[in-house]
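In: Below are the sequence and a predicted model for it; my questions follow.
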Amino acid sequence: MELVCPAGNYQSLVKAVDNGADAVYIGLKNETNARHFAGLNFSEKQISKAIDYAHQQNCKVYCAINTYPRQKQWSRWTDSVDQAMGLGIDTLIVADIGVMDYIRSRSSEFPIHLSVQASATNLQSLNFYHRNFGIRRAVLPRVLSLKQVAKLAKTAPVEIEVFGFGSLCIMAEGRCYLSSYMTGESPNTKGVCSPAAFVDWQDKGEILESRLNGLLIDRFAQNEHAGYPTLCKGRFDVDGKIEHALEEPTSLNTMDILPDLYQAGVAAIKIEGRQRSPAYVAKVANAWRKAIDKAITTGVPATKSEIAELACLAEGKQTTIGAYERSWQ
């Protein structure tokens, strides 16, 4: 079971590699990846340096080119593919079938992983991507139960990768329009949910307000943890009660079902967080390296205290196993 860790910059990549990652995933400095924030991602020079460092430690480097190109900007995606492949990236993480087709026009064998942004949740979809584009792995959206994941891992023609820790999205990835509804810029094409240019923080003395394109998202009291203002995790007046109408800020943590995921045949555990700090990456990578090794060798999940160690890094200081525990089919 591979440990795949995030790297939003070179320092984070070093921390991930040094703390036991089997692979790291990065993005280029443009909207071709789904974490297109200012100050994040890699230049051509940084990618070469990152690949050299990771490969010296037998760690792979994956590059996410996983947003959806518009016709006028098509060359930006193809140029990004050319750049990443030319620099020696081990795998491209892709969502758009046109981009996949372009990769295959260049190479019939270059590894492609289906991005979570493709929102593929069934066997027929995975068969399609494997048959037409030869994908080797699929990253599943965080909307499937453990039973559903296990069934796909046993029947799919490709490896299955699932998210194990990090910010939890309640939407089927690749199908969320909340941010674009508020800002006019879709994360599926621009690479950013709640673009920073539309975010405004207003200090009202004892209250801190967050707004997205002028819309009040939340109010925070002094010393209250203030999350990044995404529409799905805001607090709103619902029938006179202020509450998280869609989702409370919380993080996914699947450590206690890790042996189940391993026995199900899941090939890789992905850690969310390319926008996080190097210190975050170091601590999470180290904890998950130990947890995976323990699950593989003993079949025993992490202890409650080991799981609790990561609670301080979670959104809202709380964690959940999300849809994995659901009984739906």
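Out: Yep, that arrived. Numbering: from 1, shown residues only.

In: how does this structure divide into domains?
Out: Dividing the chain into domains by automatic domain parsing, as the record does, gives the ranges 2-168+250-325, 178-244.

In: Give me the mean pLDDT for the first one.
Out: Translated: domain 2-168+250-325. Model confidence over domain 2-168+250-325 averages 94 on the pLDDT scale.

In: cool, the shortest one as well?
Out: Per-residue confidence for domain 178-244 averages out to 88 on the pLDDT scale.

In: end to end, how far does that domain reach?
Out: Here the two ends of domain 178-244 are set 15 Å apart, with distance taken as CA to CA, to the nearest Å.

In: Run the chain-centre distance for that domain.
Out: Distance of domain 178-244 from the chain centroid (CA atoms, centre = their mean, to the nearest Å) equals 20 Å.

In: Could you do the longest one as well?
Out: On the basis of CA atoms, centre = their mean, domain 2-168+250-325 is displaced by 6 Å from the centre of the chain it belongs to.

In: Run through who's touching the lengthiest helix in the chain.
Out: Scanning the chain for the helix with the most residues, using DSSP state H, yields helix 278-298. Counting by CB atoms under 8 Å, 6 or more residues apart in numbering, the neighbours of helix 278-298 from elsewhere in the structure are 1, 3, 5-7, 9, 11-12, 14-16, 18-21, 164-166, 255, 258-259, 262, 269, 271, 273, 300-302, 306, 309-310, 313. No exception for glycine: its C-beta is placed from N, CA and C like everyone else's.

In: Apart from its chain neighbours, what residue comes closest to the residue nearest the centre of the chain?
Out: Centrality entry for the chain: nearest residue to the mean C-alpha point is residue 272, 4.2 Å, by CA atoms, centre = their mean. The shortest distance from residue 272 to any non-neighbouring residue, by CB to CB, 6 or more residues apart in numbering, is to residue 166 (2.5 Å).

In: And residue 14, by the same measure?
Out: Here the nearest residue to residue 14 in space, its sequence neighbours aside, is residue 53; by CB to CB, 6+ apart that works out to 6.4 Å.
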